[in-house]
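K.L.:
Got a predicted structure plus its sequence, pasted below:
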Amino acid sequence: MKKMTRIFGVLLLVASAVILTSCKDDEPAIPESVVNWTLTLPETASDGTVSDVTALFTNINTSTTYKGTVTSVTKATVLTVSATVPEGLYKVSVEGTLSYTATDGSRVTSGFRAYQESIAIAGETATIPEAQTSFYSPSEGFVISEVFFTGTTTDKGDQYVDDQYIKIRNNSDQILYADSLAILLSEFKPYDKQDYTPNIMKDYFSVSAVFMIPGTGKDVPVQPGEDLLIAVCGINHKEYNSRSFDLSKADFEFFDWDAADVYPDTDGPAPNLDKWYSSSLTVTGFHNRGSETYAIARMQGTKEDFLTNNKYTATYIWTFEDYTMERTLDTYKVPNAWIVDAVNCSPTSMFEWLVIDSSIDAGWTWCAENNSDKNRYNTAVVRKTGSNGKLQDTNNSTQDFIPHTTPSMLQ
């Protein structure tokens with residue numbers, strides 16, 4: 001009897017396996033689609049030559065990644081991306097290296113990219129809407145996570161602005177090194193639109209300050225998801241304002257070693273950034289209404305090379321009521337190809353224009369409604385966190401930042 005039971009059990013298992021196999025074989029295969037995506041290079045790269053281009057199609061539901069093919073012609077402005085993938089919902093990314101001639105005749109090499117999220121691919125053939133690529137730095141894992149420019153208030157309600165700071169996040173999944181990463185402040189102001197000649201904005205960012213994180217390449221490691229805290233003045237501000245906070249343990253601080261004797265800078269315990277340039281004759285600080293653009297860039301070459309080769313002189317017509325006159329502006333420029341991230345800021349009622357190319361930041365954010373808005377104090381602009389736990393970065397600060405919110409150091 002036991003023998004017959006065992007035989008019956010074996011037969012039952014075999015039958016079950018046959019049935020399961022048969023059911024699996026009967027499942028229809030997911031249809032495949034041939035998908036195409038046409039991309040144009042940035043407007044200023046009309047003679048661009050591309051290399052090392054990678055196209056990836058990642059199925060959002062299965063996390064499976066498929067490689068696409070990219071075809072282009074030397075000195076052509078159009079790329080064609082194609083792939084054969086199973087139908088589904090995808091995120092699509094294209095990255096590569098672009099060499100082109102800038103408006104001043106110099107040859108520039110930069111990264112470029114294009115990205116689309118939640119693209120539904122179905123049917124025998126599918127076409128993703130045409131898009132333009134944008135410049136990016138290979139160290140794109142760094143983003144500006146927060147800017148606190150408004151300052152705090154004292155117990156008496158007076159403003160206290162020495163406790164300004166900026167935070168930079170490693171938004172990648174690997175250790176990145178911040179050596180040679182610089183904080184840039186804009187020369188042009190969002191409330192004062194002028195027709196500057198020559199107009200170099202497509203290729204360069206005009207700056208009023210450049211302060212660089214020192215290091216030889218791997219001296220400043222930043223873990224995935226961690227911030228660098230960079231203070232305008234790296235001291236314990238609670239000693240001067242009980243409603244402020246301690247920045248003496250900041251990772252770095254701005255320090256104007258060459259500030260005028262009548263208003264010398266304070267050298268706090270935080271390590272100093274390497275000052276490459278500042279238009280200020282006293283101490284460098286953030287505009288406390290946020291009327292400027294903040295950017296980070298991976299500097300190349302030496303400080304001396306930069307100061308020699310990156311001068312920028314522009315003319316413009318200044319107008320006040322019925323009076324006009326030609327003015328000249330002398331400053332420095334940083335190639336857009338070096339810029340890793342940027343955030344445009346402005347009081348809401350005063351915004352007139354973007355002072356950095358829209359391929360880097362197509363929007364702007366705010367803490368003040370006007371120049372005398374006292375409600376701006378104790379607020380910051382803070383980058384949003386996406387559903388994947390990473391900071392959101394669409395190159396549009398209007399979408400990417402929470403305006404007029406509580407700064408992290410006051411939480």
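P.N.:
That came through, no problem. Not measured: the values here are computed from a predicted model.

K.L.:
OK, contacts around T385?
P.N.:
Taking CB atoms under 8 Å, 6 or more residues apart in numbering, we find T385 in contact with 391-392. C-beta: built from backbone N, CA, C; applies to glycine.

K.L.:
Look up the residues forming beta bridges with it.
P.N.:
L391 (DSSP bridges).

K.L.:
And it, how far from N171?
P.N.:
10 Å (CB to CB, to the nearest Å).

K.L.:
what is in contact with these two at once?
P.N.:
L391.

K.L.:
Give me the neighbour count for the nearest residue to A259 once chain neighbours are set aside.
P.N.:
Leaving aside its sequence neighbours, A259 sits nearest to D265 (CB to CB, 6 or more residues apart in numbering; 4.5 Å). Neighbour count of D265, defined by other CB atoms under 10 Å: 22.

K.L.:
if I pick D265, what's in contact with it?
P.N.:
Per CB under 8 Å, 6+ apart, neighbours of D265: 233, 255-257, 259, 282-283.

K.L.:
Kindly indicate whether V50 is helix, strand or coil.
P.N.:
strand (DSSP: H, G, I helix; E, B strand; the rest coil).

K.L.:
quick one, helices of this protein?
P.N.:
With DSSP state H as the criterion, the chain has helices at 2-26, 303-309, 397-400.

K.L.:
returning to that earlier point: can you give me the pLDDT of the residue nearest to A259?
P.N.:
pLDDT, D265: 93.

K.L.:
what does the one 4 residues further on give?
P.N.:
Turning to P269, the model gives it a pLDDT of 97.

K.L.:
so it touches D246, yeah?
P.N.:
No: applying CB atoms under 8 Å, one finds P269 not in contact with D246, separated by 10.5 Å.

K.L.:
More neighbours: which of those two?
P.N.:
D246 (15 against 12).

K.L.:
Okay, and the beta partners of the more buried one?
P.N.:
Here D246, judged by DSSP bridges, has bridge partners N236.

K.L.:
residues touching it, list them.
P.N.:
236-238.

K.L.:
circling back: could you measure from the residue nearest to A259 over to V220?
P.N.:
Taken as CB to CB, the span from D265 to V220 is 22 Å.

K.L.:
Please apply the same query to F149.
P.N.:
F149 is 23 Å from V220, by CB to CB.

K.L.:
between those two, who's got more neighbours?
P.N.:
Applying other CB under 10 Å to F149 and V220 shows that F149 carries more neighbours, namely 26 against 19.

K.L.:
tally of neighbours for the residue lying closest to the more buried one once chain neighbours are set aside?
P.N.:
Nearest non-adjacent residue to F149, counting by CB to CB, 6+ apart: F286, 3.8 Å away. Neighbours of F286 under the rule other CB under 10 Å: 24.
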